[in-house]
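> sequence first, then the predicted structure, then my questions.
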Amino acid sequence: MIVPPRVRALLIAGAAALFLVVFSGDRFWLQFLGKTMITCIFAMSLDLLVGFAGLVSLAHAAFFGLAAYLLAGLSNHYGLVSPLATLPLCLAGVGLAALLIGWLSLRASGVYFIMVTLAFTQMLYYFFNDAPGFGGSDGLYVNDRPRLGPIDFGERTVAYLAIWIALVATYLLLLRVVRGPFGRVLIGIRGNEQRMRSLGYPTGRYKLAAFVLAGGLAGLAGYLDATLYGFVNPAHFGWRVSGLLLMTVLLGGKGTLHGPVLGALLLGFLEHYGEQVTTHWNAIVGAFVIAVVLFLPRGLAGLLRGARG
Amino acid sequence: MTLSLFALQLLNGVEYGLLLFLVASGLTLIFGVLGVLNFAHGSFYMLGAYLAYFIAGRTGSLLVAVLVGVPLMAVLGLLVERLAIARLYARDHLSQVLLTYGLVLLFNELQRALFGNDVHGVAAPQALAFRIPLGEQAWPAYRVFTALFCLAVAAAMRQVILRTRFGMRVRAGASNPEMVEALGIDVRRLFSSVFAAGAALAALAGMLAAPLTTVYPGMGESVLVLSFVVVVIGGIGSIKGAFLGALLVGLSDTFGKVLLPGFASAMVYAVMAAVLVFRPRGLLGQQA
C-alpha cells in the first residue's frame, strides 16, 4: 500500500500539531483531542478488518470495553498500578477473548459473521450490565490510574502524551503489517478467499490472526480511554459504538489506515460542536451516515486521491 | 421448580418465541429475497409498540390500534424500501449495515421527539383481562391469546408462501432473483411487497408485545439482536429455521432468567455458540 506524498506530508504535519498541543496545557483540548486520538487508534484497528481483510465486525466495541473493565478490575482488586503490569495483562485478556469470539464468529461468514459479532458484543454488554460486582449501568471507577514511578498517567498531560505515542506507534505498526506478506494475504482474502485457499494459504488462520491483532489494538484504545477518564461503563459495549466506528472507517475511507484517522477527527469535531447546537444530534448523525453511504462510498481519503486523478 | 411453575415458564417461553418469530421471519425473508441485512427491522417493532400505545391510548382499544397501525407500518416499510433500501441492492454488506444503522438512529430520534424517553404501559384488552388457573400458578389470558394469534399468523404465512402465486414468487426470489427477473416477473414490486410485509409483521409483534413488556426506548434494539440470534440458529432465509430458532431462543431466554438470574441472557448466546460450533450455517440453513 502506497501512501501518496501529499497524504504523508499531511499526516506528519497533523502528528506534529497534535504533539504541540501538549505544551498548551489546556484542560479541554487535552481531554478532547486525547479522546479523539483514542478513537483514531480504535478506528484504524477496525480498518485492518474491514478495509483489508473484508470482515465487517461489530465486535470491536467489546474489546475496547473489556480492556477498560480489566484495567478497573486489576487496579481496584489487585492494586496493580504499573502499566508495565496492567497493559500486558489487559492486552492478553482481550487477546484471549478475541481468539475465542473470533474462532466462533469466523465459523460463519458474510452476513452471518456480522450478526454473530453483534450478538457476542451484546452478550458482553448484558454481562457487565447485569452481573453483580460490575456496578451495573453506572460502571466502575478506576481508583488508581496507571502510575510508573514518578510518572502519573492520571495526569492529563501525561495521559495525552501516552495516547499520542500509542497513536503514532499503532499507525506505523499497522502500516508495516499491511505492507508485509501478512497484509498481502489479507487483501487477497478480501478479493477472493477461495483463490487464496487454493493457493495453499490457511485463510481461516489468517483471518483469526487479523481478528486478534485488531481486537488487541481496540483493547489498547480501551485501556487508554479508562486511563484518561478514570471510569468505565457498559455503554462502551453498545452496538452503537461499533456502528459509529464502522461509520468512522467508511467516512474516512476504508483500506487506507489514514482514512479512519481523518474520519475520527472530523466526526469528533462535528459531534462536539453539533451537540451544542441541537439536542437531536443523533438524527443528524443518522442522516449524515445515510448520505455518506449513498454519495461518498470511498470516503474522505477517496476525495484526497480522487483530486489527483 | 414445581411442575406448575415449570409448565408456566414453558408456556411463557413458547409465547415469547412465537412473538420473536414474527420479527425474525421478516428479517430472514428480507435477507433471503432482497439480499439486504436490515438493522432497522427492530425499529419497526419499536414503532409498532409506540403506535399501539398512542392509538390504544386515544381509542381505548388495542384492536383498533392493530387494524390502523399495521397497514400504516406497511406503508412506512414501502416508503423506506423505495427511498433508501432500493439503493442498496448492488452494494456490499458494509454499506447495508451502515445505511440501515443510520435509519435506526433516525427512527430512534423520531420516537424521542414524538413520545419522549418515558416508559409507557399499554392495557391488555378488557375481554382478556383474566387469568387461566394452572396448578397453583395462573396464566394471563392475554398471553394465551398472543401465543394463539402468533400461531395463526405463522400458519397463514405458511399458506401464503406455499399456496399462492405471490408466495411462489417469494420462494423463487429467495433461491434465484436473477432467474425470476429473467422470467419477466417485476422484481422491484416483489422486493417492495416483501419488505413492506416484513415491516408490518415486526410492527404487529411490537403491538402485541406492548401490553406484556411495556413500551420503552431501545426496545427495538434488544429484539433486533435476539432476532439475529434466531436467524443465526435457524439458518438465514429459512422460515422454518426461524420458527425453530425463535422457539429455542424464547425458551432459553425464559428459562435462563429463572435458572441463572444474574446472567439473564447468557443462555441464549450459549445456544448460539453451540449451533455455530456444530452447524455454522444454522440448523436448517444450506450447509456448505
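Great, that's in hand.

> please name the nearest non-neighbouring residue to the most centrally placed residue in chain A.
Closest residue to the average C-alpha location of chain A: A:Phe42 at 1.2 Å, with CA atoms, centre = their mean. Distances taken as CB to CB, 6 or more residues apart in numbering or on different chains put A:Ala221 closest to A:Phe42, at 4.0 Å, once the chain neighbours are dropped. Where you see a C-beta, it was placed from the backbone N, CA and C, and this is true even at glycine.

> also B:Val33?
Here the residue nearest B:Val33, using CB to CB, 6+ apart, is B:Gly173, at 4.4 Å.

> return the distance of the one you found relative to chain A.
Distance from B:Gly173 to chain A, counting by CB to the nearest CB, to the nearest Å: 17 Å.

> let me see the contact set for that residue.
Neighbouring residues of B:Gly173 by CB atoms under 8 Å, 6 or more residues apart in numbering or on different chains: B:32-33, B:180, B:187, B:190-191, B:194.

> pLDDT value on it, please?
On the pLDDT scale, B:Gly173 is placed at 83.

> so how far is the helix or strand encompassing it off the chain centroid?
Per DSSP states H and E: B:Gly173 is located in helix B:165-175. Relative to the centre of its chain, helix B:165-175 is centred 20 Å away, using CA atoms, centre = their mean, to the nearest Å.

> what residues of that helix count as buried?
Residues of helix B:165-175 classed as buried by neighbour count (16 or more other CB atoms under 10 Å in any protein chain shown): B:169-170, B:172-174.

> quick check: of those residues, which lies closest to A:Arg197?
Looking at these and their distance to A:Arg197, the nearest is B:Ala174, at 27.7 Å (CB to CB).

> hang on, isn't the closest one packed against B:Ile30?
No - counting by CB atoms under 8 Å, B:Ala174 does not reach B:Ile30; the two are 10.2 Å apart.

> grab the nearest non-local neighbour of residue 123.
As the question left the chain open, I've gone with chain A. Of all residues not flanking A:Met123 in the chain, B:Tyr269 sits nearest, at 4.2 Å (CB to CB, 6+ apart).

> you answered for a different chain; I wanted chain B.
Nearest residue to B:Ala123, sequence neighbours excluded (CB to CB, 6+ apart): B:Pro211, at 6.4 Å.

> again, but for B:Ser4
B:Gly135 (2.7 Å).

> tell me the centre residue of chain B?
In chain B, the residue lying closest to the centroid (CA atoms, centre = their mean) is B:Val23, at 0.8 Å.

> relative to helix B:165-175, how tilted is the host helix or strand of that residue?
Under the criterion DSSP H and E, the helix or strand holding B:Val23 is helix B:3-34. Counting by axes from the mean of the first three to the mean of the last three CA atoms, to 10 degrees, helix B:3-34 lies at 80 degrees to helix B:165-175.

> give the rounded mean pLDDT of helix B:3-34.
Mean predicted confidence for helix B:3-34 is 90.

> now swap in stretch A:24-35 and tell me
Here the average pLDDT along stretch A:24-35 is 89.

> now what about it, what contacts it?
Contact partners of stretch A:24-35, identified using CB under 8 Å, 6+ apart, comprise A:18, A:21-22, A:156-157, A:159-160, A:163, A:225, A:228, A:268, A:272.

> so is the helix or strand following the helix holding B:Gly173 next to chain A?
On the C-terminal side of helix B:165-175, the closest following helix or strand by DSSP H and E is helix B:177-182. No - applying CB under 8 Å from any CB of the partner chain, one finds helix B:177-182 separated from chain A by no less than 15.7 Å.

> tell me which residues of helix B:177-182 are tucked away?
B:177, B:180.

> list the helices and strands that helix packs on?
Counting contacts by 3 or more CB pairs under 8 Å, 6 or more residues apart in numbering or on different chains; DSSP states H and E, helix B:177-182 packs against helix B:165-175, helix B:187-213.

> now the strands for the chain?
Looking at chain A here, since you left the chain open. A:140-141, A:147-148, A:151-152, A:231-232 (DSSP state E).

> hm, I was asking about chain B
Along chain B, the stretches classed as strands by DSSP E are B:131-134, B:137-140.

> ok so, going back, can you redo the strands of chain A as CSV with distance to chain B and mean neighbour count?
Converted to CSV, these look like this (distance: least, CB to the nearest CB, whole Å; neighbours: other CB atoms under 10 Å in any protein chain shown):
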stretch, distance to chain B, mean neighbour count
strand A:140-141, 17, 19
strand A:147-148, 33, 15
strand A:151-152, 36, 14
strand A:231-232, 19, 21
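
> I'd like those strands as CSV, with distance to B:Val232 and mean pLDDT appended.
Output for the strands of chain A, formatted as CSV (distance: least, CB to CB, whole Å; pLDDT from 0 to 100):
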stretch, distance to B:Val232, mean pLDDT
strand A:140-141, 31, 88
strand A:147-148, 44, 83
strand A:151-152, 46, 84
strand A:231-232, 29, 90
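
> what's around residue 95, how many residues?
Answering for chain A, as no chain was given. Close neighbours of A:Gly95, defined as other CB atoms under 10 Å in any protein chain shown, add up to 18.

> meant chain B, my bad for not saying
By the criterion of other CB under 10 Å, B:Ser95 has 19 neighbours.

> so what's it up against?
Counting by CB under 8 Å, 6+ apart, B:Ser95 touches A:250, A:293, A:297, B:88.

> mind doing that once more with 7 Å?
With contact set as CB atoms under 7 Å, 6 or more residues apart in numbering or on different chains, B:Ser95 has these partners: A:293, A:297, B:88.

> cool, A:Thr39 as well?
The neighbourhood of A:Thr39, defined by CB under 7 Å, 6+ apart, consists of A:248, A:264, A:268.

> and of those residues, the nearest to chain B?
Nearest to chain B out of those is A:Thr248 (CB to the nearest CB; 10.5 Å).

> that closest one contacts A:Ala43, correct?
Yes - A:Thr248 lies in contact with A:Ala43 (CB atoms under 7 Å); the separation is 4.5 Å.

> any low-confidence regions in the chain?
Since no chain was named, I'll use chain A. Within chain A, the ranges that satisfy pLDDT under 70 run A:305-309.

> hmm, no, I was thinking of chain B.
Within chain B, the segments meeting pLDDT under 70 span B:1, B:262-264, B:286-288.

> which parts of it sit against chain A?
Residues of chain B found near chain A (CB under 7 Å from any CB of the partner chain) are B:31, B:37, B:84, B:87, B:93-95, B:97-99, B:101-103, B:105-106, B:108-109, B:113, B:221, B:225, B:228-229, B:231-232, B:236, B:262-266, B:269, B:272-273, B:276, B:280.

> list only buried entries from those.
Neighbour counting with 16+ other CB under 10 Å marks B:31, B:37, B:84, B:93-95, B:97-99, B:101-103, B:105-106, B:108-109, B:221, B:225, B:228-229, B:231-232, B:236, B:263-266, B:269, B:272-273, B:276, B:280 as buried within the residues of chain B next to chain A.
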